[in-house]
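> what follows is a predicted protein model with its sequence.
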Amino acid sequence: MAKSVIMSAWTRHLGAPDRGLCATDLTTLTMLPSHSVLAASLMLCVLRMVIAASTGLTDDEAYYRLWGLGPALSYLDHPPMAGWMIWLGQQIAGDSALGVRLAAVLAPLLGTLLTWRTAGVLFGPVVAERAAWFGLAIPLLAVGGVVMTPDTPSVLFWGLTSWATAELWRSGRPNWWLLVGLFAGLGLMSKYTNLFAGAGIGLWLFGSGQLGRQLRSWQLWAGGAIALACTTPVVAWNWAHHWASFGKQFGRVASGHELTLRYFGEFAGSLVGLLSPAIAVLAGIGIWRAATAAYRDRRSAELLLLAAVLPLGLYLSVHSLHDRIPPNWPAPIYPALGLLAALGVGQLPASWGRHGVRLRRLALPLGLVTIAAIYGHVVHPLLHLPGEQDPTAQMHGWADFGQRIEARRQAVGATWIATSSYATTGQLAFRAPPAIPVLQLDERLRYINLPVPDARLLASPGLYVELDRREDPARLRQKFRSVLALGTIARESDGLVIATYSLYKIADPVGQVLDPVD
């Protein structure tokens with residue numbers, strides 16, 4: 001029933017008249033998207049909520065959960081917005097999988113409205129409806145609607161920044177700069193990647209010839225001041241901790257290997273696959289048509305849209321020539337790519353004939369089918385890949401594994417659990433009894449937001465648990481006089497081994513058990 005409603009609405013909209021790239025008749029743009037778009041958004045939200053509440057956390061989510069338990073000005077890995085959102089979700093839905101993910105589940109509802117409104121302001125109601133549909137059918141955004149990471153607020157505030165900039169362009173009212181600055185600043189409080197949103201605004205101003213006029217507007221400077229003020233907590237945290245987060249993240253710019261095309265191929269492949277191949281083709285056509293219009297006809301709307309994509313896209317392309325690009329890094333530009341695909345629908349070359357018709361008709365269902373397959377695989381694996389090759393394997397087997405670890409802890413009389421990685425720390429902390437601390441022996445700056453462990457607790461026997469490939473008995477013996485190997489325990493799902501963990505009983509510490517923070 002839901003599928004038939006969605007497909008009939010999409011088919012009707014394919015036949016709507018397309019007035020070209022710069023159709024911006026706002027008199028026909030309603031206050032909200034069509035009923036079919038809203039209904040599809042709500043149905044997908046309910047589905048995401050069910051999946052979010054019923055599946056295990058990823059390794060990163062389990063670690064970020066600890067941020068929510070101790071909100072701070074910032075954290076080693078990222079700015080604080082994700083931690084603050086998780087904290088809010090935990091206040092509403094408890095310290096549960098749904099509590100951790102609540103913001104990720106709800107954010108796409110606003111994201112759909114932002115995509116629709118931005119597209120409508122720039123290109124009119126026909127493109128707005130298509131862009132909203134494509135936003136619902138992009139696999140990466142669907143995954144982000146279940147899994148809570150810093151990409152959730154990053155994508156959200158990037159979208160809000162783009163929307164406010166579009167309203168600024170359409171209305172000509174400089175007061176919009178105040179909102180642009182606010183959303184850009186909150187984006188920087190989400191992920192350092194959002195610096196490229198500001199670069200895009202600068203590119204648009206320069207390319208459209210508006211830079212000089214806008215620089216004379218006090219609202220632009222006030223918006224910039226608001227953006228800088230929003231980043232104060234991040235700067236303060238880094239200043240107090242020797243610029244650790246800045247060094248960790250910006251140090252990646254120069255890291256990597258010698259020049260190679262291997263990583264670029266991986267980056268391009270993941271971009272196309274997570275955008276959905278048909279939508280990716282349409283987005284490519286939209287980029288070409290928009291770039292032509294922006295250059296040849298000096299159309300500011302097309303330039304504004306391209307500027308939201310180009311700085312980050314170009315940086316990632318260059319970075320991929322010497323290092324691997326994680327699939328989530330380009331997440332903030334996916335909504336804009338969906339909007340470009342909506343432009344591409346009305347700009348297919350006439351020579352494509354029936355192939356172009358098939359492409360338009362298949363774009364939405366192919367994306368939705370891909371999303372259904374991903375969601376199905378998350379709930380119950382459709383393919384069984386060996387070991388940890390399946391990225392969703394992080395989410396499975398932890399309930400039983402946690403119970404077995406707890407039984408072993410009680411059997412050896414340990415009063416706390418030690419680890420050597422943030423992933424194991426986060427996952428075991430989520431499963432362990434509340435009274436049993438789970439502590440990573442090293443990288444203590446990751447946990448500066450949490451209460452300092454009691455020294456008397458660390459003097460008592462502990463249970464060390466870590467992936468067998470990460471275990472380091474020699475390091476344990478530097479910290480404890482008594483280190484007793486207890487064998488291994490496998491984390492399994494559906495009878496298949498996902499990962500194997502080594503266990504040690506540790507006691508009688510030598511000096512400081514936990515590495516110093518600095």
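Done, it's in.
> quick one: secondary structure of I51?
helix (DSSP: H, G, I helix; E, B strand; the rest coil).
> same check, this time on Y464
Going by three-state DSSP: Y464 is strand.
> state the pLDDT value of it.
pLDDT for Y464: 97.
> what residues are bridge-paired with it?
Per DSSP bridges, the residues bridged to Y464 are A418, Y504.
> residue contacts, the most centrally placed residue in the chain?
The chain has D151 as the residue nearest its centroid, 2.4 Å off, counting by Cα atoms, centre = their mean. Listed by Cβ atoms under 8 Å, 6 or more residues apart in numbering, the contact partners of D151 are G144, K191, N328, A331, P332. All C-beta atoms are positioned from the backbone trio N, CA, C, and that covers glycine.
> gap between L102 and T55?
14 Å (Cβ to Cβ, to the nearest Å).
> ignore what I typed, I meant L261.
Distance from L261 to T55, by Cβ to Cβ: 36 Å.
> and the two? Which one has more around it.
Between L261 and T55, counted using other Cβ atoms under 10 Å, T55 has the larger neighbour count: 19 against 10.
> which phi and psi does the more buried one have?
Backbone torsions for T55, taken as degrees, to the nearest 10, come to phi -120, psi 160.
> tell me the pLDDT at it?
95.
> hang on, the earlier thing: out of the contacts of D151, which are inside helices?
G144 (DSSP state H).
> so which of the contacts of D151 are in strands?
Members of the contacts of D151 lying in strands (criterion: DSSP state E): none.
> would CSV of the contacts of D151 with distance to A414 be doable?
CSV is the format used below for the contacts of D151 (distance: Cβ to Cβ, whole Å):
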residue, distance to A414
G144, 38
K191, 37
N328, 36
A331, 40
P332, 44
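> just flag the most distant two among the contacts of D151.
Spatially, the most separated pair among those is G144 and K191, at 12.4 Å (Cβ to Cβ).
> tell me the buried residues in stretch 216-228?
For stretch 216-228, burial by neighbour count (16 or more other Cβ atoms under 10 Å) applies to Q219, L220, G223, G224, I226, A227.
> ok, those residues vs A197, which is closest?
A227 (10.0 Å).
> leaving out chain neighbours, which residue sits closest to the closest one?
G185 (3.7 Å; Cβ to Cβ, 6 or more residues apart in numbering).
> can you pull the pLDDT of the one you found?
98.
> other SSEs contacting the helix or strand hosting it?
Element membership for G185 (DSSP states H and E) is helix 176-188. Using 3 or more Cβ pairs under 8 Å, 6 or more residues apart in numbering; DSSP states H and E as the contact test, the elements touching helix 176-188 are helix 151-171, helix 195-208, helix 218-230.
> dump the residue contacts of D494.
Applying Cβ under 8 Å, 6+ apart to D494 gives the contacts P381, H384.
> that older thread, I'd say the residue nearest to A227 and G224 touch.
No: assessed by Cβ atoms under 8 Å, G185 is found out of contact with G224, at 9.1 Å.
> pLDDT on stretch 121-132, on average?
95.
> ok, stretch 251-262 next?
Mean predicted confidence for stretch 251-262 is 76.
> end to end, how far does it reach?
End-to-end distance for stretch 251-262: 22 Å, by Cα to Cα, to the nearest Å.
> what's the answer for stretch 200-219, then?
18 Å.
> can you give me the buried ones in that stretch?
Buried residues in stretch 200-219, defined by neighbour count with 16+ other Cβ under 10 Å: G200, I201, L203, W204, L205, G207, S208, Q214, Q219.
> which residues are contacting that stretch?
Contacts of stretch 200-219 with the rest of the structure, by Cβ under 8 Å, 6+ apart, involve 161, 165, 174-178, 180, 184, 220, 294, 298, 300, 303-304, 307-312.
> off-centre distance for it?
In terms of Cα atoms, centre = their mean, to the nearest Å, the centre of stretch 200-219 is found 29 Å from the chain centre.
> turn the helices and strands packed on helix 176-188 into TSV, columns for distance to P125.
Output for these, formatted as TSV (distance: least, Cβ to Cβ, whole Å):
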stretch	distance to P125
helix 151-171	14
helix 195-208	23
helix 218-230	29
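> can you report phi and psi for A490?
Main-chain torsions, A490, degrees, to the nearest 10: phi -100, psi 140.
> and the buried residues of stretch 216-228, which is closest to M81?
A227 (14.0 Å).
> strands of the chain, residue ranges please.
Here the chain has its strands, by DSSP E, at 416-419, 438-440, 462-467, 480-493, 496-509.
> low-scoring stretches of the stretch 251-400 of the chain, by residue?
The stretch 251-400 of the chain contains residues with pLDDT under 70 at 254-256, 385-388.
> could I get stretch 147-159 in CSV with only the CA atoms?
Below are the C-alpha coordinates for stretch 147-159, written out as CSV (Å, rounded to 0.1, in the frame of the first residue of the first chain):
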residue,chain,number,x,y,z
VAL,A,147,22.7,5.7,13.2
MET,A,148,23.6,8.7,15.5
THR,A,149,27.0,10.3,14.7
PRO,A,150,28.3,13.8,14.4
ASP,A,151,27.1,13.7,10.8
THR,A,152,23.5,14.0,12.0
PRO,A,153,23.9,17.6,13.3
SER,A,154,26.5,18.4,10.5
VAL,A,155,24.0,17.5,7.7
LEU,A,156,21.1,19.3,9.6
PHE,A,157,22.9,22.6,10.1
TRP,A,158,24.5,22.5,6.6
GLY,A,159,21.0,22.2,5.3
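> ok, now which ones touch the residue nearest to A227?
Here G185 is in contact with I226, A227, L228, A229, C230, T231 (Cβ under 8 Å, 6+ apart).
> compute the distance between it and Q210, please.
Distance from G185 to Q210, counting by Cβ to Cβ: 21 Å.
> do I have it right that M148 meets L88?
No: because the distance of 11.3 Å does not satisfy Cβ under 8 Å, M148 is recorded as not touching L88.
> those two - which one has more neighbours?
More crowded of M148 and L88, by other Cβ under 10 Å: M148, with 30 against 15.
> shared neighbours of M148 and L88, which are they?
Here M148 and L88 have L102, A103 as joint contacts, going by Cβ under 8 Å, 6+ apart.
> pretty sure L467 contacts I498?
No: applying Cβ under 8 Å as the test, L467 and I498 come out as separate, 10.6 Å apart.
> the two - which one has more neighbours?
Taking neighbours as other Cβ under 10 Å, L467 and I498 compare with I498 leading, 21 against 18.
> quick one: pLDDT of the more buried one?
91.
> show me the helices in the stretch 201-350 of the chain, by range?
211-215, 218-230, 232-240, 244-250, 262-275, 277-296, 300-307, 310-319, 334-345 (DSSP state H, counting those that start in this stretch).
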